[in-house]
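Visitor: Model the structure of this input:
(3 chains)
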Amino acid sequence: MEKKTHPRLKEFKYTLYRIFRNPSAIIGFTLLIFFTGVAVFAPYIAPPKYAHDPYIMPHKGFSPTPKPPTKEHIFGTTSGQYDIFYGAVWGTRTAFKIGIFVVFFATVIGVSVGVISGYVGGIVDEIIMRIVDIIFAIPTVVLAMAIVVAFGRGLDKVMIALSLVLWRNYVRVMRSGILTLREMDYVQAARVMGVSNIKIMIKHIIPNAIYPVMVMAFMDIGSMVIVAAFMAFLGLGAPRGYADWGQMISLARNYIVGPAEDPLRYWYTIIIPGGCIVLFVLAWNLIGDALRDAFDPKIRRK
Amino acid sequence: MLAFITRRFLFMFVVVFGVSVLIFSILMTFSPERRAAVYVRSPQQAQNLPQLVESLGLNDPFYIQYFRWVKELTHFNLGYSVVAARPVWDAFKSFLPVTLELNLYSVPIMIIVGIWLGTISGIYHDTYIDHITRIFAIIFWSLPTFLFALILLMIFYGYFEVFSPGIISDAYSVYIHDNPDKYTQYTHLLTIDGILNGRFDIAWDAAKHLFLPVVTQVMVIIALLLRVMRSSMIEETSKDYIMTARAKGADKKTINFKHARKNALIPVVTVAGWLAAFSMSGSIEVEVIFTRQGLGWWLANAAIQLDIPVIMAMCMFMGIIIVTANLAVDILYAYIDPRIRLS
Amino acid sequence: MPKLIQAEDVVTNFYTYEGVVKALNKVGLVVDHGATFGLVGESGCGKSVMVRSMMRIVQEPGQIEGGKVVLFFNGDQQQEAVDLLQQSEAYMEDLRGNHISMIFQEPNAALNPIMSIGDQISESFLFHRKKEMSKKILEDLSADDCRVFLPLKKLQQTLYTIAADNPKSFILIICSKIPILSLWQRRLKREALQRSIDIIRKLSISNPSETVHRYPHNLSGGMKQRIVIAIALACHPMLLIADEATSNLDVTIQAQILELLKDLKKTEIASILLITHDLGIVAETCDRVGVMYAGNLCEVADVEKLFQNPQHPYTKALLESVPKFSQEGRLRSIDGAVPNLVSPPSGCRFHPRCSHAMEICKQTFPEEIEIEENHMVACHLYVK
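Guide: Coordinates of the predicted model:
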C-alpha cells in the first residue's frame, strides 16, 4: 500500500514540482539568489567610503567624461567619476528596497480594501470600486509623478507614491476572487453547516483568493523597479550620487554616443547599470511566470 | 444595448470628474505660496507673494478653489505652462500631433503582431515556437522602455548613424515653418502632411525619425498582449465546442482561427484599457529619450520643473483617453460577443 | 448483419504528471450495420476515450498507441475496409462529420458561444457537401428564371464549376482570400443555411428559419442538444456516436431526445453507438451491449441476453445495483472504487472488487471467450 499523504501537502508538492520543472523558474531563482547575495554582502564586496551613508557612490574628481575600466574601478567610472562597480553593488540594495517596500505596502492596502469591499458589499463596495476605477484611469507612471511632484523629490517619496498607486490592482483581483469563491459550492456547504461568515472568510475564502494576488505581486516587484528607475532617470528620485541604477543611466545619458572615431566607447556606462535592471526584473518576472503557471488550475493538469 | 452604452458613457464623465478631483487634491498638498509661485513672472511679484496668494484665492477652501478651476476649464483656460512658455491649451494643441503620430503607427502594429504571435504561441504551446516567443516576451517585459530606447539610439544613431533623435531634420522644420503658403499643415502629422503636399522627402524624413520610437514602443507592449492572447488561446482550445468542431470534420486551421481565436479575443479586448495606459506611459519614455517634443516629453519636463497646470491637464487628458478606450472596449466587446449584444 | 465498424485491441494512454494513465487496454468492439450498440460502465472506465479513439479525436496528452479501427464502407467486403488509425489526418477530417459523427454530453459547452446556430450547422455542409451543393447552384444558375448580371453569372458559373469538380482547388482558396471575389461563396453559404433549416425542421424544432439566426445562449438545454444532433446528422453519417448525450438533461427531455434518436435511426442513419451509465436507456434502446470496466471490455452480448443472463461478475454487480420497484431493503452497490489507471491492478483489473476472485485473476489478464453465440466474456471463471 502506498503511503497516504495529506491532500494539501500533495498539492503543495505538486506545485513545487511544477515550479521547479520549469526552467525559467530555475533561472529566475538563480538570478534572485545571486542578487540577494550581492545585496547582503554589499559592504564586503564594495566597502563603503562614507561610513555614515554607504549608499552615496564614491567619486574621484568631477570630470564629466566617463573613464574606462581600470584595476581600481573594474567597471570604469561614469560621468562625474562615480565608480560604476560600487553603484551596481549598492544599487542592488536600492532595487530590493524599492521593489519589496512598494509591493508590500500596496498588497497590504490592496488586499485589506479588497476584502472589505468583497465582504461588506453594497454601497461600500460600490464606492470603493468607483474610487479604484478613477485611480485606474491614470497610468501608474503619471500618477506617481504627480504625487512625487506634490510631496517633493526623493527615493522615499517615489516609493510612497508608487505604493499609493499600485494598491488599486490588488483590490480588483482580491475582490473578484472573493466574489467568485463566495458562490462556490464548498463555501455554500460551509455556510449551510453553520460556520460563521468571518470564519468562512478567514479559513476558506482569503487563503484561496490570495494566490492570484501573490503571483501579481511577484510580477509587480519587477515593474515597480522599472518605473522607479525611470523616475530616477528623470531626476525625481534619489539625490545625485545615490547608488541607484536608474540614476546611473541618467548620469550616462549624454554619453550614449562617444567620439566620432569610436561611437560606442562609453557603452559600459549604460549597459552595466541597465543590465543590472534587466536581470533583476527578469528574475522576478521569471519566478512570477512560473508561479502563475503552477497555480493556474486551467493549465495545471496539462 | 443602447442603454448599456449610454450608461457607460455617463460613467465616463463620473470617472473624468473623479480624476480631476483626485489630481486637484494631490496638488492641493502644496503650500499656497508654492502654488502662487507658478504665477510669478517678475521679481516684483515675488516680493508680494502673500498678496498674490490672496488675490488668486489660494487660501480659499478646497471646493471653492476646485470650482474656480473647473470654471476656468470650461473656457479652455488651463493655466500657463512654464516648460512650453505658452498657455497650456495652446501648448497642448501643438504637442498633441507628435504623440498622435507615434501612436498612430505603433498601436495598430502592436495589436496585430501581438495577437498574431499570441495565437501562434497558444496553438503551438510547449513547442519551440512557443518557447521562443515566451522568452522574447519576458525579456522585453523586463526591459525598461527608456533603456531599450537608449540602447537603440546608441546602436543606430551612434554606431550606424542611420536614425537620429528628434521629430524631423532641422532643414525641413525650418522650411515648414517659413513656407506656410507652399506647405499646408492639414493634419499636423508630418508623415501624412508630407504626402498630402507631395513632399515625399519630408514624409520619408519624418518616417525615418519615427522608426526607432515606434519599434521601441511596439516591442515593449507586444509582450503584454502576447501573454494575454496566449493563455486565452490555450484555454479556448481545450473547450468542448472545439471537440464538436473536430467531430464535425473541421481542419486544424478552421478550428484554431475561426473557432478558438474569435473566442480567445474576447478576454484580450478587455486589456485594451491597459494597452491605452501602457502606450501613454510608453510615449512618455520614448519621447523623453528620442527628444520628440510631444505630450509625454512635455509632461516629463513639467514634472521635473514643477509645472503644475501641465500635470493637472495631462492627468485629465490621460484619464479621458483611458476611459474612452474602455468605452470603446465595451462596445467592441458587445460586437464580438453575442451574449452581451443580444441581452 | 454485416459489420459497420470494428475496433480491435485499441490502446490509448494519457501522459500526465502522475504517470501514464492506461485508459484503454486492448479494447475491441464491433458495431453492426443497422444496430444500436450500447457501451456502459462507471464514470472513468474509458467509454468516452474509446469512442474518441475510434474517431481519433483524443485530446492532449492522450495518445492512441495501438490497435485497429476498421470501417467497412459497404458491408464487410474486405476491399471496402479501411483502418482509420492508419489514415492521414486529412482523410479523417473528411470522414468525421461525414461518415461518423458524434454528439456530446454537455450541450451547453458543445456549441461555440459566438457563432450563430445556422453557421454552426452550415459548417458541416461546407466541409463535406461542397461538391454537391456547387452542382445544385450551377443548375439554379443555368435555370431560365435566374436573373444575374451576365458577366457576374459567367464568373460564378466558372467558380462553381471548379468547386463542383474539386472543392479544395487552389484557385478557390485564393478567391476566398480576396475581399470582393470572396463573395462568390455567398450562394454556397445560402445553400448551406437552407439545408441547415431543413435539417432542424426534421428534428421538430419550431420556427427553424428563425432559430438558425439565434445564438446558443438563447436556447434551452434540450434545444441545444437537438442542435448538436442536427450538426451530427447534417451529412447522414453511417454511424452516430452519442457520448452520454442525455445525461445532463431533464428526464422528460431525455425521453424526447431518445425518442428522436430512435426515429432517426429508422430514417437517417445506419447505426448508433450509445454511451451511457444508465442501464435503463440501454435496455430500452440498444440491440447489443458492451460493458466496460477500467479500460477493458468485460462482456458483450445482445441486450436481452445480457440483462437476463449476465456472466461477468462485474456485469452482475452492475445489474444488481440498479434500483427495482419490487426490491426491498438496501440497494446493492459494488464495494471499492474504480482503480487508478496509472497503476492498474495486475491481471484482471476487476479482481480487487470481485467476489469470485481466484489466484489466477491476480496474475494473468483474462482472454475474451465466446460462451454462447454472440456472447463474449473476459473472465477466468469461464475458461475451460
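
Visitor: which residues touch the closest residue to C:D94 other than its chain neighbours?
Guide: Leaving aside its sequence neighbours, C:D94 sits nearest to B:G249 (CB to CB, 6 or more residues apart in numbering or on different chains; 6.6 Å). In short, each C-beta sits where N, CA and C put it, glycine included. Residues near B:G249 by CB atoms under 8 Å, 6 or more residues apart in numbering or on different chains: C:E93, C:D94, C:L95, C:R96, C:G97, C:N98, C:S124, C:F127, C:H128.

Visitor: Which of the three states applies to B:S231?
Guide: Secondary structure assignment for B:S231 (DSSP: H, G, I helix; E, B strand; the rest coil): helix.

Visitor: Please give me every residue in contact with the closest residue to chain A within the stretch 151-300 of chain C.
Guide: Nearest residue of the stretch 151-300 of chain C to chain A, counting by CB to the nearest CB: C:N248, 16.9 Å away. Residues in contact with C:N248, defined by CB under 8 Å, 6+ apart, are C:Q105, C:E106, C:P107, C:N108, C:G221.

Visitor: If you rank the residues you listed by neighbours, which is first?
Guide: C:P107 (28 neighbours; other CB atoms under 10 Å in any protein chain shown).

Visitor: for chain B, which spans come out with low pLDDT?
Guide: Low-confidence segments of chain B, defined by pLDDT under 70: B:37-46, B:342-343.

Visitor: Just the buried positions in stretch B:9-17, please.
Guide: B:F11, B:M12, B:V15, B:V16 (16 or more other CB atoms under 10 Å in any protein chain shown).

Visitor: separation between the most centrally placed residue in chain C and C:I272?
Guide: Nearest to the geometric centre of chain C sits C:I241, at 2.1 Å (CA atoms, centre = their mean). Separation of C:I241 from C:I272 (CB to CB, to the nearest Å) stands at 8 Å.

Visitor: Same question for A:A144.
Guide: For A:A144, the distance to C:I272 - CB to CB - is 65 Å.

Visitor: Please compare the two by neighbour count and tell me which comes out ahead.
Guide: A:A144 (30 against 25).

Visitor: My guess is that one contacts A:M159. True?
Guide: No - using CB atoms under 8 Å, A:A144 makes no contact with A:M159, being 9.8 Å away.

Visitor: quick one: common contacting residues for these two?
Guide: What both A:A144 and A:M159 touch, as defined by CB under 8 Å, 6+ apart, is an empty set.

Visitor: I figured C:H351 was touching C:A357, is that so?
Guide: Yes - C:H351 is within contact range of C:A357, at 4.4 Å (criterion: CB under 8 Å).

Visitor: So what does C:P167 have for phi and psi?
Guide: Per-residue torsions, C:P167: phi -70, psi -20 (degrees, to the nearest 10).

Visitor: low pLDDT regions in the chain?
Guide: Unless you meant another one, I'm taking chain A. A:1-8, A:296-302.

Visitor: nope, chain C please
Guide: C:1, C:74-79, C:144-147, C:325, C:327-328, C:384.

Visitor: Show me which residues of it sit near chain B.
Guide: C:55, C:57, C:59, C:89-90, C:93-98, C:101-102, C:104, C:106, C:109-116, C:123-124, C:127-128, C:215, C:217-218, C:228, C:231-232 (CB under 8 Å from any CB of the partner chain).

Visitor: ditto for the stretch 151-300 of chain A
Guide: Residues of the stretch 151-300 of chain A lying near chain B (CB under 8 Å from any CB): A:151, A:222, A:226, A:229-230, A:233-236, A:249, A:253, A:256-258, A:263-264, A:267, A:270-271, A:274, A:277-278, A:281-282, A:285-286, A:289, A:296, A:298-299.

Visitor: what residues are up against the most centrally placed residue in chain B?
Guide: Taking CA atoms, centre = their mean, the centroid of chain B lies closest to B:M280, which sits 2.6 Å from it. Neighbour list for B:M280: A:P139, A:V142, B:G296, B:M318, B:I321, B:I322 [criterion: CB under 8 Å, 6+ apart].
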